[in-house]
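Novice: model the following, please.
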Amino acid sequence: MPNLSKSKYTRFCQCEKSLWLQVNKPEEAVIDDATMARFEKGNAVGDLAMALLGPFIEVTTKRKDGTLDLMAMIDKTKECIGNGTENIAEASFSHDGNYCAVDILHKTNGGYAIYEVKSTTYSPDKDRKKLEVYAPDIAYQKWVVEHCGINVTGTFLVVLDSDYVLEGELDIQQLFHIEDLSDLVANEYLKVPSQVARAKTVLAMTEEPGTDLSVNCQNPYRCAFWQYCTRQKQIPSPSVFDLYRLSFSKKMDLYHQGIISFDDLKEKELKDKQQMQVMGTLQNSEHIDVAGIRQFLRTLSYPLYFLDFETMQPIIPEYQGTHPYQQITFQYSLHIIEREGGELLHKEFLGISGDDPRRALAEQLCKDIPMNVCTLAYNKSFECTRIKELAEYFPDLSAHLLNIRTHIKDLLDPFQAGSYYVPAMGGSFSIKSVLPALFPDDPSLNYHNLDERVQNGGDAMSVFPKIKDMAPEEAAKTREALLHYCCLDTMAMVRVWQKMN
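Specialist: Next up, the predicted model:
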């Protein structure tokens, strides 16, 4: 009989086909950088939370090849329980081929409580429905632990408090929020025996389950086997899943009605931009509203400053006055055209990895962008929010920073308004979609031709905080890659603006 773990159990609860593929066709999984970064952050949070309830013993044990020695972990857990250990981290149990490792097993009167740690943020005054997704995981753990003879006295979820702000030393008692999930777990607990039996049946199958696509394919994140399953279903490209600004659940509703291709969609009542996307693709036709573009261009004035920020999001606050997952601006690129037909100038800033970059960046930004000038950003809400945050944290620079913010124009506007659309944009108006659509044959504007260290914002976000730990030569090359990437972002804006003129 196949063995089951809590990760396999929760994957089964999302989709039984995903579980089968994980075991039998793992090479078909597409795990992007964002997912890998999420795993890394989750591990860091789990390590920090081990001390939340007091002194602890961690039973994690690895073999020489780096793999987990589960039997050793189970034996160590039994030893800790026998010794009356107050808190056991990664407490490990196995019952009838069902394995689980409890993040924190906390000794209480009459038994032990389960504390499951997640790297998500939560505020106590928010809707608890957000936490329902974690109940099956904890219910499975409770079921396994109880079948190993342990009385489970409570089931709790440990998450990051989204309202926590770092002031002085990091306080994990304030950083983490503990939520009693007994009610949600009770509902899921009754399902565990039948779910376990079905999951093991799926694992024993020699043929792939015929499970259809569903909303669970993106609940809570896109499944790593999405590309495999859509390819297997012969989903055309483009399809209903590429439709502009339609929720995934509504796309799935259309899919289950048999409305999948753009040919299927052309008879549907769609919003204007969706209709433009569908018909433009089917007819291979551009839509250029010259009057709309000119109206936008008239809102701009020289000198023009093209601005782009890069940020990182430390899951655990590192800098004073910041909260979990706060965007920390560490870099910008700035292209400048002072007058019509004038020379294209470039300025840039890149912080020092390991140091708080915000003050130096804010000061340099105020030097590089004078007050009362026209600044262009692409999807300006991002840059505007970051500037607002800097202004709040540095009151002495607030007037200048807020003046820059007030004068920012959004290069996204004419595209989002539908004034300029070509089918190659694929229903997306991000700069990464617009640029190759407008300049398909220009290698200097191709992000894939950049140093592989940094080819997108996710790369920049991940690599910057790691530079402090690199050897000098590698650090220098990585900084250069960051500068080239951010520079291309603002150069892309310049070229798009020139294309519209």
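
Novice: need the contact partners of the lowest-mean-pLDDT helix or strand in the chain.
Specialist: One helix or strand of the chain scores below all others by mean pLDDT, DSSP states H and E: helix 33-49, with a mean of 79. When contacts are defined by CB atoms under 8 Å, 6 or more residues apart in numbering, helix 33-49 is touched by residues 103-104, 115, 117-119, 158, 160, 172, 175-176, 221, 224, 315-316, 456, 458-459, 461-462. Placement of C-beta: from N, CA and C, glycine included.

Novice: try 7 Å this time
Specialist: 103-104, 117, 119, 158, 160, 172, 176, 315-316, 458-459, 462 (CB atoms under 7 Å, 6 or more residues apart in numbering).

Novice: also stretch 433-446?
Specialist: By CB under 7 Å, 6+ apart, the residues outside stretch 433-446 that reach it are 415, 422, 424-426, 449, 492, 495-496, 499.

Novice: all strands of this protein, in order?
Specialist: Secondary structure of the chain, counting by DSSP state E: strands at 57-58, 87-95, 98-108, 111-122, 152-161, 176-180, 287-288, 304-312, 328-337, 344-350, 374-377, 408-410, 420-421.

Novice: thinking residue 371 is in contact with residue 405, fair?
Specialist: No - counting by CB atoms under 7 Å, residue 371 does not reach residue 405; the two are 11.1 Å apart.

Novice: tell me the most buried of the strands of the chain?
Specialist: When you average the neighbours per residue for each of the strands of the chain (mean count of other CB atoms under 10 Å), strand 420-421 leads with a mean of 24.

Novice: returning to that earlier point: which positions in the least confident helix or strand of the chain come out as buried?
Specialist: By 16 or more other CB atoms under 10 Å, the buried positions in helix 33-49 come out as 41, 45-46, 48-49.

Novice: distance between it and the chain's centre?
Specialist: 11 Å (CA atoms, centre = their mean, to the nearest Å).

Novice: and the angle for it with strand 152-161?
Specialist: Here the directions of helix 33-49 and strand 152-161 differ by 120 degrees (axes from the mean of the first three to the mean of the last three CA atoms, to 10 degrees).

Novice: format the contacts of helix 33-49 as a markdown table; extra columns: distance to residue 201 and pLDDT.
Specialist: Below are these laid out as a markdown table (distance: CB to CB, whole Å; pLDDT from 0 to 100):
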| residue | distance to residue 201 | pLDDT |
| --- | --- | --- |
| 103 | 28 | 97 |
| 104 | 32 | 98 |
| 117 | 31 | 97 |
| 119 | 32 | 92 |
| 158 | 33 | 97 |
| 160 | 37 | 96 |
| 172 | 42 | 97 |
| 176 | 38 | 97 |
| 315 | 37 | 93 |
| 316 | 41 | 95 |
| 458 | 38 | 90 |
| 459 | 41 | 92 |
| 462 | 39 | 92 |
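
Novice: hmm, back to that, return the alpha-carbon coordinates of the least confident helix or strand of the chain using CSV.
Specialist: Presented in CSV, the C-alpha positions along helix 33-49 are these (Å, rounded to 0.1, in the frame of the first residue of the first chain):
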residue,chain,number,x,y,z
ASP,A,33,10.8,31.3,-9.4
ALA,A,34,8.0,32.8,-7.5
THR,A,35,6.9,29.4,-6.2
MET,A,36,10.5,28.6,-5.2
ALA,A,37,10.8,31.9,-3.4
ARG,A,38,7.6,31.1,-1.6
PHE,A,39,9.0,27.8,-0.4
GLU,A,40,12.2,29.5,0.8
LYS,A,41,10.3,32.1,2.7
GLY,A,42,8.1,29.5,4.3
ASN,A,43,11.1,27.6,5.6
ALA,A,44,12.5,30.8,7.1
VAL,A,45,9.3,31.6,8.9
GLY,A,46,9.0,28.0,10.1
ASP,A,47,12.5,28.2,11.6
LEU,A,48,11.8,31.5,13.4
ALA,A,49,8.5,30.2,14.8
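
Novice: that one to strand 87-95, inter-axis angle?
Specialist: Comparing the axes of helix 33-49 and strand 87-95 via the same axes, to 10 degrees yields an angle of 120 degrees.

Novice: make residue 1 into 26 and carry on from there
Specialist: New numbering, starting at 26: the last item is helix 58-74.

Novice: nearest to residue 224 among the strands of the chain would be which one?
Specialist: Ranking the strands of the chain by their distance to residue 224 (criterion: CB to CB) puts strand 123-133 first, at 9.3 Å.

Novice: for the closest one, name the packing helices and strands.
Specialist: With contacts taken as 3 or more CB pairs under 7 Å, 6 or more residues apart in numbering; DSSP states H and E, strand 123-133 sits against strand 112-120, strand 136-147, helix 160-172.

Novice: quick check: longest helix of the protein.
Specialist: helix 497-525 (DSSP state H).

Novice: separation between residue 409 and residue 332?
Specialist: As judged by CB to CB, to the nearest Å, residue 409 and residue 332 stand 10 Å apart.

Novice: same deal with residue 244?
Specialist: Distance from residue 244 to residue 332, by CB to CB: 36 Å.

Novice: how about residue 167?
Specialist: The gap separating residue 167 from residue 332 is 52 Å, by CB to CB.

Novice: got it, and residue 149?
Specialist: Distance of residue 149 to residue 332, computed by CB to CB: 37 Å.

Novice: same question for residue 403.
Specialist: Separation of residue 403 from residue 332 (CB to CB): 9 Å.

Novice: do residue 234 as well
Specialist: Counting by CB to CB - residue 234 and residue 332 are separated by 50 Å.

Novice: then stretch 41-49 to CSV, C-alphas only?
Specialist: C-alpha atoms of stretch 41-49 as CSV (Å, rounded to 0.1, in the frame of the first residue of the first chain):
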residue,chain,number,x,y,z
GLU,A,41,-6.3,13.8,-7.1
LYS,A,42,-4.7,14.0,-10.5
SER,A,43,-2.1,16.4,-9.2
LEU,A,44,-1.2,13.9,-6.6
TRP,A,45,-0.8,11.1,-9.1
LEU,A,46,1.3,13.3,-11.4
GLN,A,47,3.6,14.3,-8.5
VAL,A,48,4.4,10.7,-7.9
ASN,A,49,4.4,9.3,-11.4
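
Novice: what residues of that stretch count as buried?
Specialist: Residues of stretch 41-49 classed as buried by neighbour count (16+ other CB under 10 Å): 41-47.
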